[in-house]
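In: Here is a sequence together with a model predicted from it:
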Amino acid sequence: MNRRVRQKVAKKSKEKVGLPSNPEIGDVGLCPDSNEDVDWTSLPDDTVIQLFSCLNYRDRASLSSACKTWRVLGLSSCLWTSLDLRAHKCDPGMAVSLTSRCVNLQKIRFRGAESADAIIHLQARNLREISGDYCRKITDATLSMIVARHEALETLQLGPDFCEKVSSDAIKAVAFCCPKLKKLRLSGLRDVSADVINALAKHCPNLIDIGFLDCLKVDEAALGNVVSVIFLSVAGTSNMKWGVVSHLWHKLPKLIGLDVSRTDIGPSAVSRLLSLSPSLKVLCALNCPVLEADNTFSVNKYKGKLLLALFTDIFKGLASLFADTTKMGKNVLLEWRNLKTMDKNVDEIMTWLEWILSHTLLRTAESNPQGLDVFWLKLGAPVLLSLMQSSQEEVQERAATGLATFVVIDDENASIDCGRAEAVMRDGGIRLLLNLAKSWREGLQSEAAKAVANLSVNANVAKAVAEEGGIEILAGLARSMNRLVAEEAAGGLWNLSVGEEHKGAIAEAGGVKALVDLIFKWSSGSDGVLERAAGALANLAADDKCSMEVALAGGVHALVMLARNCKSEGVQEQAARALANLAAHGDSNSNNAAVGQEAGALEALVQLTRSLHEGVRQEAAGALWNLSFDDRNREAIAAAGGVEALVALAQSCANASPGLQERAAGALWGLSVSEANSIAIGQEGGVAPLIALARSEAEDVHETAAGALWNLAFNPGNALRIVEEGGVPALVDLCSSSVSKMARFMAALALAYMFDGRMDEFALIGTSTESTSKRVNLDGARRMALKHIEAFVLTFTNPQAFATAAASSAPAALAQVTERARIQEAGHLRCSGAEIGRFVAMLRNPSSILKACAAFALLQFTIPGGRHALHHASLMQSAGAARVLRAAAAAATAPLEAKIFARIVLRNLEYHHLESSI
């Protein structure tokens, strides 16, 4: 169990050291008075050994080298009875360095084939228990060598993933080499033959617990010969002949517990086993579709027998195993653990059932069959929560993993079942998980953190996690030297940082620094850690204050390092997204410039736009878009090949996601603010793909494509290219029918640039360089464009309001027109002096439509409250725009719209002049 415990205090002079009363649980570590120094060398020996016991084997070995005294204490046999190799890479060299400590090693847990090879070099002849996972690559040779070196072995467990390369030959070696074997649990074997099983029956007389799980083939008849077996599991095993099973296995004289979960066993075989086996007490048949399909099957007629199935009450069934069922409430597992007097037989059954239930529920959650919602909510989740309080570490880990898994609907899109997640929360699961996460055992830390991370996708659960102190716990775990723990903790912070309300708390808990440090600590070969850390930083960087914390912690350098050097597409995507968010606060901090100035940043992002992975291309383009708002970055991006790369990206994303299309066009929009870049984009062939993107069905793509074409149209050569490439109909369509006001506005401005006369002058001199053979009917295009520009402007007018404004000079009348005409988002646009000058000049254009359009545009750019309104007013004052505006407002031949809009712009200029003089 995991719970908080009081701390004992050992005093030495004035020093005070807090010690956990139980090394298995609670808040661990030494807690000296913050104002006093501690003489670590004077600690009592038992205190030092207690400290050592709370460390993983690598830290324990490292700490032993601190001094001679600690070296001796670090070799104490009580510290090396068990060894968990899962968290760190353990090769033969590392194993050899541990041999002197492993003379009395009793239990070992490992992960993967490399660690399995290392076990051979530990020379732990007294090893009693071996448990391994991620065993797909373990070969017959490795397993045979392991068992040959450990004749005293009593327990061998490999799973729950499949042992694909282990054959019957290696299992025979187990039978011949390990005569003391009591427990054998193997997963995913291709074939367990009769010879193998008979060898186990003959050479392992003490074999009482057998598990052949998720195997393709097991000889049922031979299993009937293992007369020593007490607990037997064939869960998930296919191709079982249940007729043979029901006629032979009931004769096993000692069989007490049988697990056939996740198989195709039917009611007749279940009935025969329960009725004919005199010793059988428990039959576990969870998630057995054939059995569950028989609505007539009754469990009540088998007195003294317990059947656990999806249609039975698991807690009630477990309670029936006890002599006094009245003392057993709903949480029978917890109450059994707290019993003062234990029945040995029941204790053995319950211990086995905990393991079986945790395994079966995890496997069921992984396969996620349809129609189990009611089961999970009523029984599955409560059972998993109860199993998390088991005294078996392996059961606790698997229960936490089960909770992490059963809520997931779509792992790729981070989608979870909210009902299941909130059911865990209501049943007190968050506190239980966080208590596990505070355990000193790293396996529990990682699995609990994983469950918290998945559950926190739900906003209500995320809030509960934060309220229970989960953010501080995860931030602490993110500093772990255990890669698995750090990875899952970073994943939890990633999901929690989605909520705006949690970003500040993560920063206050030191989460930003911890995440940045993770990138430096695991800079290679740990893609899972890096992706989660970069993803969390990306979310945090979206907040202005947190983005500054990221930069101060060295996040810019760390993220650029990932973008430049990491080959994992997931890491690249999150690193680019984080850089994009850091660069999105150009008006409020200096991160935009800082990213651009980081060595290799822009080159790396340009290169990522060529990635084969769409998500990477999208985020890289988004980062370049944001960075292009800085003048120096804009030119540096172009110098790094950004124009060519982004034009190529725009050309290739006709069928891509709207997100990629938006960012590709947006990045070109940002670069095209520079006239030199605008010309280069046109010459590189950027006009045609932008026109194609302007025809997208997505509103956001409309805006960025229209913005880019607006900038490009400022240059008469590009304007002619737009006409030649069929851009006028596309812009006209945007101007008249886009849902986005901003897209319509910028499309109208692009058309106004194209037909204010400058393109005509360019066309008279010569055609565009790419297409000398094209003949364009500019007059027809002009008439179409002006017609739709006029219609666009008129949509923002009200005849009655205009008539009132024309007849009165009262501010209220003009304010009413302004409110009707205002496009809120247009206040974020920033124009150069040349662009403002062009609209001022357009007020003198012979076309009354262009005059109205120019006045309408200047109104949008100068409305008080706009982000750049004061800047635009200053540019207009410098250009002498007031005189032109007064002339436009008074012109007898000017349209009413132009006159009224010009008057409003004059009033805006007066307002800004007064404001700047205060």
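Out: Ah, there it is.
In: my read: residue 848 touches residue 896, true?
Out: No. With contact defined as Cβ atoms under 8 Å, residue 848 does not reach residue 896; the gap is 9.9 Å. Every C-beta, even on glycine, is put in place using the N, C-alpha and C of the backbone.
In: Strands of the chain, residue ranges please.
Out: In the chain, the segments counted as strands under DSSP state E are 7-12, 15-20, 82-84, 107-111, 129-133, 155-158, 183-187, 209-213, 231-233, 257-259, 282-284, 306-308, 408-410, 415-416.
In: So in that sheet, which strands flank the fourth one, and in what orientation?
Out: Strands that pair with strand 107-111, judged by DSSP bridges, come out as strand 82-84 (parallel), strand 129-133 (parallel).
In: Quick check: which of the ones you listed is nearest to residue 142?
Out: The closest of these to residue 142 is strand 129-133. By Cβ to Cβ, the value is 10.2 Å.
In: List the contacts of the closest one.
Out: Outside strand 129-133, the residues that touch it by Cβ atoms under 8 Å, 6 or more residues apart in numbering are 86, 106-111, 115-116, 119, 138, 146, 150, 153-161, 394.
In: Now restrict the residues you listed to buried residues only.
Out: 86, 106-111, 115-116, 119, 138, 146, 150, 153-160, 394 (16 or more other Cβ atoms under 10 Å).
In: quick one: low-confidence ranges for the stretch 551-700 of the chain?
Out: For the stretch 551-700 of the chain, residues meeting the criterion pLDDT under 70 lie at 586.
In: where along it do the helices fall?
Out: According to DSSP state H, counting those that start in this stretch, the stretch 551-700 of the chain carries its helices in the segments 555-565, 569-582, 591-597, 601-608, 614-627, 631-639, 642-652, 658-671, 675-684, 687-694, 699-713.
In: repeat for the stretch 151-300 of the chain
Out: Under DSSP H, counting those that start in this stretch, the stretch 151-300 of the chain gives helices at 168-177, 194-203, 220-223, 242-248, 267-276, 289-293.
In: CSV for the helices of the stretch 551-700 of the chain, including mean neighbour count?
Out: Shown next, in CSV, are these (neighbours: other Cβ atoms under 10 Å):
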stretch, mean neighbour count
helix 555-565, 23
helix 569-582, 27
helix 591-597, 20
helix 601-608, 24
helix 614-627, 27
helix 631-639, 19
helix 642-652, 24
helix 658-671, 27
helix 675-684, 20
helix 687-694, 24
helix 699-713, 27
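In: Present those helices as CSV; the columns should include distance to residue 61.
Out: Output for the helices of the stretch 551-700 of the chain, formatted as CSV (distance: least, Cβ to Cβ, whole Å):
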stretch, distance to residue 61
helix 555-565, 29
helix 569-582, 31
helix 591-597, 41
helix 601-608, 39
helix 614-627, 40
helix 631-639, 48
helix 642-652, 49
helix 658-671, 49
helix 675-684, 58
helix 687-694, 59
helix 699-713, 55
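In: so which of those comes closest to residue 880?
Out: Among the helices of the stretch 551-700 of the chain, the nearest to residue 880 by Cβ to Cβ is helix 675-684 (22.5 Å).
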